[in-house]
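*Asks:* below: sequence and its predicted model.
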Amino acid sequence: MTGCSSKSMVLLSLLGFLALLLCGSSEAQSNQDCCLSYTKVRLPRWALKGYTEQLSSEVCDIPAIIFHTASGLKACVNPKEGWVKKHLLYLSHKLRRMSA
């Protein structure tokens, strides 16, 4: 991968993250903290601090992973997406190392 290509990827990740910040419809709703839809933005791993799981069998209508960002935002994502599964593995390893 060339230097220009990696800079482009970083820029695209930043732009995607900024788009997420501006898109309020995919954030967890404050009244029940339920996700009502999924964000279309693929979040960069470096922006993630943690996550919670939303089950459709409980109060909320759809299953979701709620990613918590370092800036305090929450983003609802589809737990079936491949990138979401990879990010969950990354976070679980990261959180395990921090607690050890």
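*Replies:* In hand now; what should we look at?
*Asks:* the host helix or strand of residue 93 packs against which elements?
*Replies:* Following DSSP states H and E, one finds residue 93 within helix 82-99. Applying 3 or more C-beta pairs under 8 Å, 6 or more residues apart in numbering; DSSP states H and E, one finds that helix 82-99 contacts strand 48-54, strand 64-69. Placement of C-beta: from N, CA and C, glycine included.
*Asks:* any low-confidence regions in the protein?
*Replies:* 1-32, 100 (pLDDT under 70).
*Asks:* tally of neighbours for residue 79?
*Replies:* When counting by other C-beta atoms under 10 Å, one arrives at 17 neighbours for residue 79.
*Asks:* ramachandran angles for it?
*Replies:* As for residue 79, its main-chain torsions (degrees, to the nearest 10) stand at phi -70, psi -10.
*Asks:* residue 70: what's it in contact with?
*Replies:* Contacts for residue 70 (C-beta atoms under 8 Å, 6 or more residues apart in numbering) come out as 47, 48, 49.
*Asks:* and the gap between it and residue 45?
*Replies:* According to C-beta to C-beta, to the nearest Å, residue 70 stands 11 Å off from residue 45.
*Asks:* repeat that for residue 34.
*Replies:* Distance from residue 34 to residue 45, by C-beta to C-beta: 25 Å.
*Asks:* mind putting the helices and strands packed on helix 82-99 into TSV with mean neighbour count?
*Replies:* TSV is the format used below for the helices and strands packed on helix 82-99 (neighbours: other C-beta atoms under 10 Å):
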stretch	mean neighbour count
strand 48-54	15
strand 64-69	21
